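A.B. asks: prediction below, plus the sequence it came from.
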2 protein chains.
Amino acid sequence: MPQDGRAARGGATRELILDTAMTLFAEAGYRGTSVRDIAARAGISHPGLLYHFPTKEALLMAVLTRRDALGARDFPIEGRPGRVVLASLVGTARFNATDRGIVELYATLSAEATAADHPAREYFQTRYAALLAFVRDALADVANDGGLADGVDPSIGAQQIVALMDGLQVQWLLDDATDMEAALAAHINSLLTAPLSAADHS
Amino acid sequence: MPQDGRAARGGATRELILDTAMTLFAEAGYRGTSVRDIAARAGISHPGLLYHFPTKEALLMAVLTRRDALGARDFPIEGRPGRVVLASLVGTARFNATDRGIVELYATLSAEATAADHPAREYFQTRYAALLAFVRDALADVANDGGLADGVDPSIGAQQIVALMDGLQVQWLLDDATDMEAALAAHINSLLTAPLSAADHS
DNA sequence: GTCTATACCCAGATAGAC
DNA sequence: GTCTATCTGGGTATAGAC
C-alpha cells in the first residue's frame, strides 16, 4: 500500500520517471544521460527505475512514444486539406526552433537508430514510413486540385520535405542563425502553383 | 629500429590504425566499436593505440580528416563552373549509396556532434560552413549566367541542398529503396532554368 | 619513441533480500 | 515495488619495459 509523497499507486512512479527522463534526455542527450542520473532526479535507485523499464532503450522508446501521442493530440491534422497539412509542417519547423533539447534528441536518435542492430531502428522505420505517406497524401491531395507545379512527383516531393526538415535541424543545431522555417517554406512553395499563405493555417 | 611485419617506422602503425578504425567505425558505428576492438584488429594493445591517438575522439577526428583529404584529392572541383559543382553533388549522392558504413558514420556523427559540449562540434561547424559557402558560390555562379530559376536565393538554396543530402541519407539508411540521387537531382533542377545533363559532368 | 601491463572509474544490467 | 550488492565492459591514465 504505497501512500507516500512521490510513488502513489497506478503508475505514478512510471510517469514521474518518464517526465524526468524526457527532461534529462533533452538537456544532455541520450548518451549524455545515465540511468543513475534519471533515477537520482526521480528520487529512486537505478535498479528501482529498471524495474519499470527493463533497459535504458526501453525507457527511451517509452519517452518517444509518449511524445508522439502528445503531439497527435495537440496538433490534430489527420484528414485536413493538403495545403493545411503542408502549412502545419512549416509551423512545426517554427515550433521546433523553440526547443533545442527535443530537436537534438530526435536528430541524434534518428541517425543513431539507422544502425542495423539498433533497438530503435524499427520504430524509426515505421515512423518514417508513416510520415512519408502522410506528406505524400497531402501532396496528392493538392495535385487533385491542380495545385502542384509541373513535373512534381508527390512521392519524391514527400521525401524531399522530410529530408529537408531533418537536415535543416542539424544545420540549425550547429548554427542557430539558420532559418529552418524560411528554407522549408521556400521549398514547399516551389512545389506548388500558388504559395502558402496565412489562409492555409488551420 | 622496428622492422617487423606490421609496424615499420615512419607512421606505418599510425596508418594501420587509421585504416582499421575506418573499417570498424563503418561496420559497427562509432559507439559500437571499442578502442580495444580496433587495437586487437590492428595487432597491438589498446594503450599502444592510445599512444598514437590520445583519445577515441582524437582517433575519430583523424579518420574524418583523412577521409576529407582523400575526397578532395579524388574529386577536385574547386574553381569549376557552378553547374559542374552541382552535378558533382549528385554524383556524390550516387557514390555514397555504394558505402553504407561511411554514410552511417557521417550521419550519426554530424547529429551527435551538435551537442554543445561534443568534441567534434567545432569540426562539423567548420565543415558545414565551408560546405554551405561552396554550394552557395556554385549557385551564385549559375545565377551570373542567368541560370537560376525566379526567386531562388543562393544562400537558401545551398541550405536546402545540404539539408537534402543529409536528410536523404537517413531515409536511405532506414529504407534502402530510397533513391537519394533522384530526389536530390529533382530538387537541384527545380532551382535551375535548364536541368542538369550529362554535359555537366566533368 | 613505441609499446605492454595494470589499474581506475563510470555505466548498464542482474541477483536476491526486504 | 524498491533496495543493496555485484558483474561486466568501455574509456582513460599511469608505470615502466624495450
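C.D. replies: Okay, I see it.
A.B. asks: who's in contact with the residue nearest in space to the middle of chain A?
C.D. replies: Central residue of chain A (Cα atoms, centre = their mean): residue A:106, 6.1 Å from the mean position. By Cβ atoms under 8 Å, 6 or more residues apart in numbering or on different chains, the contact set of residue A:106 is residue A:169. Placement of C-beta: from N, CA and C, glycine included.
A.B. asks: which parts of the helix or strand where it lies are buried?
C.D. replies: In the assignment (DSSP states H and E), residue A:106 maps to helix A:100-112. Neighbour counts over helix A:100-112 (16 or more other Cβ atoms under 10 Å in any protein chain shown) mark A:100, A:103-112 as buried.
A.B. asks: also stretch A:48-64?
C.D. replies: A:49-50, A:52-53, A:56, A:59-64.
A.B. asks: do stretch A:159-179 as well
C.D. replies: Those would be A:159-174, A:178-179, for stretch A:159-179 by 16+ other Cβ under 10 Å.
A.B. asks: show me these that map onto helices.
C.D. replies: Under the assignment DSSP state H, the buried residues of stretch A:159-179 contribute A:159-174 to helices.
A.B. asks: give me the domain ranges for chain A.
C.D. replies: A:1-74, A:76-202 (automatic domain parsing).
A.B. asks: out of these, which comes closest to residue B:35?
C.D. replies: Nearest to residue B:35 among the domains of chain A is domain A:1-74 (16.5 Å), distances taken as Cβ to Cβ.
A.B. asks: anything in the lowest-mean-pLDDT helix or strand in chain A near DNA strand C?
C.D. replies: Least confident element among the helices and strands of chain A, by mean pLDDT, DSSP states H and E: helix A:100-112 (a mean of 89). No. Helix A:100-112 stays clear of DNA strand C (Cβ under 7 Å from any atom of the strand), getting no nearer than 13.6 Å.
A.B. asks: buried ones in the next helix or strand after that helix?
C.D. replies: Where DSSP H and E defines the elements, the next helix or strand beyond helix A:100-112 is helix A:121-144. By 16+ other Cβ under 10 Å, the buried positions in helix A:121-144 come out as A:121, A:123-124, A:127-128, A:131-132, A:135-136, A:138-139, A:141-143.
A.B. asks: including pLDDT and distance to DNA strand C, could these go into CSV?
C.D. replies: Listed next are the buried residues of helix A:121-144 as CSV, based on pLDDT from 0 to 100; distance: Cβ to the nearest atom of the strand, whole Å:
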residue, pLDDT, distance to DNA strand C
A:121, 89, 15
A:123, 90, 16
A:124, 94, 18
A:127, 95, 21
A:128, 97, 24
A:131, 96, 27
A:132, 98, 30
A:135, 98, 34
A:136, 98, 36
A:138, 98, 38
A:139, 98, 40
A:141, 98, 43
A:142, 98, 44
A:143, 98, 46
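A.B. asks: from those, which is closest to residue B:13?
C.D. replies: Nearest to residue B:13 among the buried residues of helix A:121-144, with distances taken as Cβ to Cβ, is residue A:121, at 35.6 Å.
A.B. asks: tell me the contacts of that closest one?
C.D. replies: A:113-115, B:174 are the contacts of residue A:121 under Cβ under 8 Å, 6+ apart.
A.B. asks: now do 6 Å
C.D. replies: Residues counted as contacts of residue A:121 (Cβ atoms under 6 Å, 6 or more residues apart in numbering or on different chains) are residue A:113.
A.B. asks: what's the answer for the one 10 residues further on, then?
C.D. replies: Taking Cβ under 6 Å, 6+ apart, we find residue A:131 in contact with residue A:162.
A.B. asks: remind me which residues of chain A are low pLDDT?
C.D. replies: For chain A, the stretches flagged by pLDDT under 70 are A:1-10, A:202.
A.B. asks: for the ones in helices among the buried residues of stretch A:159-179, which one is nearest residue B:188?
C.D. replies: Closest to residue B:188, out of all of these and judged by Cβ to Cβ, is residue A:160, at 10.8 Å.
A.B. asks: test my guess that that closest one contacts residue B:182.
C.D. replies: No. Using Cβ atoms under 6 Å, residue A:160 makes no contact with residue B:182, being 10.2 Å away.
A.B. asks: give me the distance from the helix or strand where residue A:95 lies to the chain's centre.
C.D. replies: Element membership of residue A:95 [criterion: DSSP H and E] is helix A:82-96. From the chain centre to the centre of helix A:82-96 is a distance of 13 Å (Cα atoms, centre = their mean, to the nearest Å).
A.B. asks: and that helix, what's buried?
C.D. replies: A:82-90, A:92-93, A:96.
A.B. asks: would you format those as CSV with distance to residue B:152 included?
C.D. replies: Putting these into CSV (distance: Cβ to Cβ, whole Å) gives the following:
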residue, distance to residue B:152
A:82, 24
A:83, 22
A:84, 26
A:85, 25
A:86, 19
A:87, 21
A:88, 25
A:89, 21
A:90, 18
A:92, 24
A:93, 19
A:96, 25
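A.B. asks: so which of those residues is the closest to DNA strand D?
C.D. replies: Nearest to DNA strand D, judged by Cβ to the nearest atom of the strand, of the buried residues of helix A:82-96 is residue A:96 at 30.9 Å.
A.B. asks: against chain B, how distant is the closest one?
C.D. replies: 13 Å (Cβ to the nearest Cβ, to the nearest Å).
A.B. asks: same question for residue A:104.
C.D. replies: On the measure of Cβ to the nearest Cβ, residue A:104 and chain B end up 6 Å apart.
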